[in-house]
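K.L.:
My questions are about this predicted structure, shown below with the sequence.
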Amino acid sequence: MPRRRAALACGLLTLPVLVPPATTSAEATPTIRRPAARSVSPQPPTSARPRRAVKKAPARRVFSSRVVMGAADVTDSKGHVWRHRTTGVGSWRTGVIPPGVDVARTRDDALYRRTAPGISWYRLEVPAAATYRVRLLFSENWFTRSGERVFDVTAEGRRVARDVDVVKAVGKNAARDVTFTVPVRDGRLDLGFVAKKDLPILSGVEVVSTTPVAVTAAPSPKVPLARNSAFFTDIRTAPLAPNSARAAAGLTKQVRDNWGGVAAFNARRFNNSFYEVPATQRKVRVNFYDCQRKGYTPAGLFDGPKHFVDVPIPPNAVPATGSDKQLTVYDRTADKLWDFWVTEKRPDGSWRACWGGRIDDVSRSQGVFPRPYGASASGLAMTPGVISIDEFRRGRVDHAMYLALIDVAKWDRYSWPANRSDGLSNDPDAIMEGQRLRLDPTLDLSTIPMTPVARMVAEAAQKYGFVVADKAGAVAVATESGNAEKARTGVDPWNGLLAGPDYQAMQGFPWEHIQVLPKDYGKPTR
């Protein structure tokens, strides 16, 4: 079975940090009262032929999003809720106007009290092509003289504010707003902050559509699974394993004693490339690559279930970077999913892989490959547990997350939903592959300094938790590889999504508050 390798680059910068994810809200349009319709007697149908179902158009609302640079949500004097800092903020640093110091020129001190020094961009996914009114909130908590901090602001590539100098305009510890409207055509609002003297700064962002827009439902998972799948179950009230404290202490030690005490966020390598293909995608044979020197071709790849036969791999597919070279192919129409490990395209255009497998009827499955197939050492499918690029852009993860550990229980001890393991530890309190973990759901995340990335992961970990899926060279959270998007656009999306090095992304995550669920928790009775 595959043995996992590293995750991470060494070295760690010391950055002051703050907190993250974002959500948006929809403000209802004014209600219009209309005269009541006259009562009409029921009429028989003119035909017995059933009427064609009519799809309802998405509801139209005034879209709004409000974000502050602090770790806690804030309600302003008008009753609007401003969310804490999100992954859309291009800075992990924090400045503070000290408590007790009045913020001049506003009744809403809390909106301006914390800042994001060094911000270079702000990005927000918007629901429709429309014009949006943007209000930027600024306050200066450090400099006292004009000219010490000066910057420009751009929106959708156009300069909307020149030579912003908060102290010159209003002085230190005072509120300063810049408001403008901007058309957005590509589904994402892009703001830029261009330094002229010292670092740009920001306290908050309010974005409101100037007209009602169609607000679509939250996106569905990349790969739908059974309703009772471990990946989509709320575990906030689940019981704990009898040895939860001891097992969690072992995990905390793995983080603390390695890689500068910060877990890996595998955005650059050791993650997973994902391709959803149409029903018409040409199918090919994936050859067996004996990278583990078995000396034979394992059963089931080309006979029986034929996991490596008739695979709809796009010819331009690019596996994930790193020695694992993982690749997922999903055919929604056929309801099939393939995962491959150490996947390579040969000079003659053929494909080969060291291991992998196929899940049939994946939408009714638990996201687990038939033993001993699949790309992870636990048998768990990769895609349901990785943080996708779209999820990161939204700043919200609505499923359990794939977690790799350095030490896991010996291979003969594993927990549902896993069906195997590559663990080596004989410690009776070692966490098993497949075992489910959560962050203490009573923990107030706003009181813990962490990056916006760590905050996003923490919020998901409180509700959906982690599923231990593999061994690695670091405690690691996995993501969707940017290689597929880079092949289409020429740009690795992670370059514009992370406000700092990926090895710092999980800085501040409170691993000491992890809780461990019992073996086989949630396993269906039949």
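P.N.:
Good, I have the coordinates. None of the values given here were measured: they were computed from a predicted structure. Numbering: from 1, shown residues only.
K.L.:
how far away is A110 from A71?
P.N.:
12 Å (CB to CB, to the nearest Å). Heads up, the C-betas are built off the backbone N, CA and C, glycines and all.
K.L.:
higher neighbour count, these two?
P.N.:
A71 (22 against 19; other CB atoms under 10 Å).
K.L.:
now that one: how far from P58?
P.N.:
For A71, the distance to P58 - CB to CB - is 33 Å.
K.L.:
ditto for A353
P.N.:
Counting by CB to CB - A353 and P58 are separated by 41 Å.
K.L.:
Neighbour count for the two, which is higher?
P.N.:
Neighbour totals were compared for A353 and P58, and A353 leads with 28 against 13 (other CB under 10 Å).
K.L.:
Would you mind measuring from the more buried one to P384?
P.N.:
20 Å.
K.L.:
How about R413?
P.N.:
When R413 is compared with P384 (using CB to CB), they lie 23 Å apart.
K.L.:
and what of V194?
P.N.:
For V194, the distance to P384 (CB to CB) stands at 40 Å.
K.L.:
now V166
P.N.:
As judged by CB to CB, V166 and P384 stand 46 Å apart.
K.L.:
A169 too?
P.N.:
50 Å.
K.L.:
Looking at R413 and P384, which is more packed in?
P.N.:
Ranked by neighbour count (other CB under 10 Å), R413 and P384 place P384 first, with 28 against 19.
K.L.:
which SS state does that one fall under?
P.N.:
Judged by DSSP: H, G, I helix; E, B strand; the rest coil, the three-state class of P384 is helix.
K.L.:
Show the contacting residues for it.
P.N.:
P221, K222, V223, L225, S229, F231, G367, H399, A400 (CB atoms under 8 Å, 6 or more residues apart in numbering).
K.L.:
go again using 10 Å as the cut-off
P.N.:
By CB atoms under 10 Å, 6 or more residues apart in numbering, P384 lies in contact with 221-225, 229-232, 337, 362, 365-368, 399-402, 417, 467, 469.
K.L.:
Can you tell me which of these are classed as buried?
P.N.:
Buried by 16 or more other CB atoms under 10 Å: 221-225, 229-232, 337, 362, 365-368, 399-402, 417, 467, 469, out of the contacts of P384.
K.L.:
got a pLDDT number for R4?
P.N.:
With respect to pLDDT, R4 has a value of 41.
K.L.:
go on, A218?
P.N.:
For A218, the predicted pLDDT is 75.
K.L.:
Go ahead and confirm it touches P127.
P.N.:
No. If you go by CB atoms under 10 Å, A218 and P127 don't touch, sitting 11.1 Å apart.
K.L.:
Between those two, tell me which one has more neighbours.
P.N.:
P127 (17 against 8).
K.L.:
which stretches of the stretch 351-500 of the chain form strands?
P.N.:
Under the criterion DSSP state E, counting those that start in this stretch, the stretch 351-500 of the chain contains strands at 351-360, 401-405, 436-439, 466-471, 476-478.
K.L.:
how about these, which one is nearest H84?
P.N.:
strand 436-439 (16.2 Å; CB to CB).
K.L.:
What is the closest one packed up against?
P.N.:
Judged by 3 or more CB pairs under 10 Å, 6 or more residues apart in numbering; DSSP states H and E, strand 436-439 is in contact with helix 244-256, strand 401-405, helix 452-463, strand 466-471, strand 514-516.
K.L.:
Go through those and name the closest to V309.
P.N.:
Closest among the helices and strands packed on strand 436-439, using CB to CB: strand 466-471, at 26.0 Å.
K.L.:
Let me know the angle separating the closest one from helix 452-463.
P.N.:
110 degrees (axes from the mean of the first three to the mean of the last three CA atoms, to 10 degrees).
K.L.:
Does anything pack onto strand 466-471? Which helices or strands?
P.N.:
By 3+ CB pairs under 10 Å, 6+ apart, strand 466-471 packs against strand 401-405, strand 436-439, strand 476-478, strand 514-516.
K.L.:
For the nearest residue to K325 once chain neighbours are set aside, list the residues it contacts.
P.N.:
Leaving aside its chain neighbours, K325 sits nearest to P319 (4.1 Å; criterion: CB to CB, 6 or more residues apart in numbering). P319 is in contact with 272-273, 325-328, 340-345, 351, 353, 481, 483-484, counting by CB under 10 Å, 6+ apart.
K.L.:
Try it again at 8 Å.
P.N.:
Taking CB under 8 Å, 6+ apart, one finds S273, K325, Q326, L327, F340, T343, E344, S481, N483 in contact with P319.
K.L.:
Tell me the strands beside the host helix or strand of the fifth one, with direction?
P.N.:
Of the helices and strands defined by DSSP states H and E, F340 is found in strand 336-345. Here strand 336-345 is paired, per DSSP bridges, with strand 327-331 (antiparallel), strand 351-360 (antiparallel).
K.L.:
so which of those gets nearest Q254?
P.N.:
Nearest to Q254, of all the strands paired with strand 336-345, is strand 351-360, at 25.5 Å by CB to CB.
K.L.:
Just the buried positions in the closest one, please.
P.N.:
Quick answer for strand 351-360 (16+ other CB under 10 Å): W351, R352, A353, C354, W355, G356, G357, R358, I359.
K.L.:
For those residues, name the two members farthest from one another.
P.N.:
Farthest-apart pair in the buried residues of strand 351-360 is R352 and I359; separation 20.6 Å (CB to CB).
K.L.:
quick one: low-confidence ranges for this protein?
P.N.:
Applying pLDDT under 70 to the chain flags residues 1-57.
K.L.:
Map the structural domains onto the sequence of it.
P.N.:
The chain breaks down by automatic domain parsing into domains covering 61-214, 230-516.
K.L.:
Make JSON lines out of these and add distance to T525.
P.N.:
As requested, those are arranged in JSON lines below (distance: least, CB to CB, whole Å):
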{"stretch": "domain 61-214", "distance to T525": "39"}
{"stretch": "domain 230-516", "distance to T525": "11"}
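K.L.:
Pick the most buried one from those domains.
P.N.:
Across those, averaging neighbours per residue (mean count of other CB atoms under 10 Å) puts domain 230-516 on top, at a mean of 20.
K.L.:
Determine how far stretch 213-221 lies from the middle of the whole chain.
P.N.:
Offset of stretch 213-221 from its chain centre (CA atoms, centre = their mean, to the nearest Å): 16 Å.
K.L.:
what's the answer for stretch 86-100, then?
P.N.:
21 Å.
K.L.:
just stretch 203-213 next, same as before
P.N.:
Using CA atoms, centre = their mean, the offset of stretch 203-213 from its chain centre is 23 Å.
K.L.:
Strands of the stretch 201-350 of the chain, residue ranges please.
P.N.:
204-209, 213-214, 264-266, 273-277, 286-288, 327-331, 336-345.
K.L.:
so which of the domains of the chain comes closest to K523?
P.N.:
domain 230-516 (3.9 Å).
K.L.:
quick one: that closest one to chain centroid distance?
P.N.:
That offset, for domain 230-516, works out to 13 Å (CA atoms, centre = their mean).
K.L.:
And stretch 116-125, by the same measure?
P.N.:
Relative to its chain's centre, stretch 116-125 lies at 17 Å (CA atoms, centre = their mean).
K.L.:
distance between the ends of that stretch?
P.N.:
20 Å (CA to CA, to the nearest Å).
K.L.:
Now do it: everything it contacts.
P.N.:
Outside stretch 116-125, the residues touching it (CB under 8 Å, 6+ apart) are 18, 22, 24, 65, 69, 85, 88-91, 93-95, 142, 187-193, 199-203, 205, 207, 393-394, 496, 499.
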